[in-house]
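Novice: Sequence first, then the predicted structure, then my questions.
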Amino acid sequence: MYIKREIESTLDGFLRQGKVVLVTGARQVGKTTVLKEHLGGSFDYISMENPRDYLSAKQDAVLFFESKSLPLIIDEVQRVPELFSPIKWIVDQSDEKGRIVLSGSQTYHLMKGVSESLAGRIRIIELPPLSLRELIGSVAKPHPYIPDRIESYEKPSDVDIWEIIHRGSMPELQDQSLSWDSFYSDYVSAYLERDVRDLINVKDESKFYSFMVACAARSGQLFNASDIGNAIDADHKTVKAWLSVLQASNIIRIIEPFWPNIGKSLTKTPKLYFMDTGLVCHLTRWTTADQLRNGAVAGHVFETFVVSEVLKSYMNAGTNLRDVWFYRDSKKREIDLVIQEGHILHPVEIKTAATVNADAVKNFKYLENMESYEVGFGHVICQTPEPYYVTRGVQAVPVWAI
């Protein structure tokens, strides 16, 4: 059963703005499904996974297009970079918008083709895994998460947040009859054998797998290349190169510290977050939701889930992810997230508890020292069933309200 995606209205808007639209995202997040479901009535569809179309496009890309009609969806387009130049020529023959939609899962190869051939002609959307909004059927016009006052909120009935966090947000896994462990085992194998091999020459795939496990164990924490290198017996240059592979294939996101021009008292070390907590649990062998809920990593995985949901809200709305930061100064005083809205900074803490007090937001005051910025309304995202005020300018809000 198709789950309606927030990105659909964003896709419609981008089709009205650009001659070409590129939909990218990690493997198995539903790119093909959403394009077929949402555009299938008016767009023809071809995939470069189809051997016949692949061979035809590879041998003569110009002739390939002569047998196709527009508007057209071309899936896994990164497999045939020869298509980018003819696409440029085709869309330049008309001022009409939204005639070609491209899709693929390897950002590096896609971006190379786009930057060389389609600059100025293309709008780009990254489709994330399913969001919590989509999973509970609360899909409206996509909007980025910005903390604001919430007067009331009705928690979805009969839904366990830890079951959702553990199960993960891949569309295929929403079929409860599918084996969770088998799905992720196959997912990781396909990722190693196809995406990783295409991006870099990995001589020891088992070591790259160990690298993925080490990163998963550190999701929600400061990225330390030397620490990960020591754990897998690799130098920090290799770790950084491999991290770029996880980024290019949309498995992880790096959140940068907020860094205004106020001196050198703040950390420059970024944080690492996986975009799918199900994959985190699989890699680190938290095999049930109850184990996770009561385990030592519950806080970090809960934070990973919340941050990924915040990021998904920006991705689905097609807006700037660079408005999402965190704060940490030289005295190790932290704020989990800082949401920038122009010159307003909204502080956000993430807690697994259901009840929090003013001590949870004690570090919010350090944002007041930022020259040219003002501190806006703040949130503590936690497991409370209903929103309540922690201080005058800060509310504790349910994770469902993201």
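Specialist: Structure's in. What do you need?

Novice: now the chain, which segments are flagged as low pLDDT?
Specialist: Scanning the chain for pLDDT under 70 picks out the ranges 106-111, 113, 261-265.

Novice: how about a cut-off of 80?
Specialist: The model of the chain has pLDDT under 80 over residues 105-117, 119, 140, 152-157, 197-204, 259-267.

Novice: Backbone dihedrals for Phe65, please?
Specialist: phi -70, psi -20 (degrees, to the nearest 10).

Novice: contacting residues for it?
Specialist: Pro86, Ile90 (CB atoms under 8 Å, 6 or more residues apart in numbering). Heads up, the C-betas are built off the backbone N, CA and C, glycines and all.

Novice: Tell me which residues of the helix or strand where Phe14 lies come out buried.
Specialist: Under the criterion of DSSP states H and E, Phe14 resides in helix 7-15. Within helix 7-15, the residues that count as buried by 16 or more other CB atoms under 10 Å are Ile7, Glu8, Ser9, Thr10, Leu11, Gly13, Phe14, Leu15.

Novice: what about Lys68, how many neighbours?
Specialist: A count of nearby residues for Lys68, using other CB atoms under 10 Å, gives 15.

Novice: Could you verify my assumption that it touches Asp44?
Specialist: Yes - contact criterion CB atoms under 8 Å: Lys68 and Asp44 qualify, at 6.8 Å.

Novice: Pull the CA coordinates from the helix holding Phe14 and hand them back as PDB.
Specialist: Extracted in PDB, the C-alpha atoms of helix 7-15 (Å, rounded to 0.1, in the frame of the first residue of the first chain):
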ATOM      1  CA  ILE A   7       7.700  15.600  -1.100                       C
ATOM      2  CA  GLU A   8       5.000  15.200  -3.700                       C
ATOM      3  CA  SER A   9       3.900  18.900  -3.500                       C
ATOM      4  CA  THR A  10       7.500  20.000  -3.500                       C
ATOM      5  CA  LEU A  11       8.100  18.000  -6.600                       C
ATOM      6  CA  ASP A  12       5.100  19.700  -8.300                       C
ATOM      7  CA  GLY A  13       6.500  23.100  -7.400                       C
ATOM      8  CA  PHE A  14      10.000  22.200  -8.800                       C
ATOM      9  CA  LEU A  15       8.500  21.000 -12.000                       C
END
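
Novice: If you count contacts, what does that helix end up packed against?
Specialist: Counting contacts by 3 or more CB pairs under 8 Å, 6 or more residues apart in numbering; DSSP states H and E, helix 7-15 is packed against strand 20-24, helix 31-39, strand 122-126, helix 298-317.

Novice: So for Asp60, which of the ones you listed sits nearest?
Specialist: Nearest to Asp60, of all these, is strand 20-24, at 20.7 Å by CB to CB.

Novice: Now do the helices in the stretch 1-150 of the chain.
Specialist: 7-15, 31-39, 51-59, 61-66, 84-91, 107-113, 132-135 (DSSP state H, counting those that start in this stretch).

Novice: typed the wrong thing, it's the stretch 251-400 of the chain
Specialist: Using DSSP H, counting those that start in this stretch, helices in the stretch 251-400 of the chain cover 277-284, 289-294, 298-317.

Novice: can you put those helices in a markdown table and add mean neighbour count?
Specialist: Formatted as a markdown table, the helices of the stretch 251-400 of the chain follow (neighbours: other CB atoms under 10 Å):
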| stretch | mean neighbour count |
| --- | --- |
| helix 277-284 | 24 |
| helix 289-294 | 16 |
| helix 298-317 | 23 |
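
Novice: which residues does the residue nearest to Ile335 when sequence neighbours are not counted contact?
Specialist: Spatial nearest neighbour of Ile335, chain neighbours left out: Tyr327 (3.9 Å); criterion: CB to CB, 6 or more residues apart in numbering. Tyr327 sits next to Pro257, Phe258, Leu266, Arg333, Glu334, Ile335, Val338, Pro347, Asn363, Tyr366, Leu367 when contact means CB under 8 Å, 6+ apart.

Novice: ok, and the closest non-adjacent residue to Lys240?
Specialist: Ala225 (5.4 Å).

Novice: now Gly18
Specialist: Arg123 (3.6 Å).

Novice: And the one you found, how far from Gln17?
Specialist: 6 Å (CB to CB, to the nearest Å).

Novice: more neighbours, those two?
Specialist: The neighbour count for Arg123 versus Gln17, taken as other CB under 10 Å, is higher for Arg123 (20 against 11).

Novice: and the more buried one, what are its bridge partners?
Specialist: When bridges are called by DSSP bridges, Arg123 pairs up with Val21.
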